[in-house]
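Asker: quick one, structure for this:
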Amino acid sequence: MDESLPSLGRVLFTAEEIRARVHALAATIADDYAARPPLLVGVLKGSVVFLSDLMR
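Answerer: Okay, here's the model as predicted:
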């Protein structure tokens, strides 16, 4: 691990668990908005990365 990064303690969710949940959430949104395209708006600074993963 990069020593310049602060220690975060324990890992709550693995990268794969997060990817799987984002994929499941995207599938739910796709089903709910099958008839029309959703409008996704990122509000917080870090939302760009999450929204880009969600839109894929």
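Asker: contacts and neighbour counts: CA atoms only from here.
Answerer: Will do.
Asker: roughly how far out does the helix or strand of the chain with the lowest mean pLDDT sit from the chain middle?
Answerer: Least confident helix or strand, the chain: helix 47-55 with a mean of 92, by mean pLDDT, DSSP states H and E. Taking C-alpha atoms, centre = their mean, to the nearest Å, one finds the center of helix 47-55 at 6 Å from the center of the full chain.
Asker: how about residues contacting that helix?
Answerer: 22, 23, 25, 26, 40, 42 (C-alpha atoms under 8 Å, 6 or more residues apart in numbering).
Asker: buried sites along it?
Answerer: Under the neighbour-count criterion of 16 or more other C-alpha atoms under 10 Å, helix 47-55 has residue 54 buried.
Asker: stretch 9-27 now?
Answerer: By 16+ other C-alpha under 10 Å, the buried positions in stretch 9-27 come out as 22, 23, 26.
Asker: tell me the mean pLDDT over it?
Answerer: Averaging the model's pLDDT scores along stretch 9-27 yields 94.
Asker: starting at the chain centroid, how far to that stretch?
Answerer: Computed by C-alpha atoms, centre = their mean, the chain-centroid distance of stretch 9-27 equals 8 Å.
Asker: residues making contact with that stretch?
Answerer: Stretch 9-27 has contacts (C-alpha under 8 Å, 6+ apart) with 53, 54, 55.
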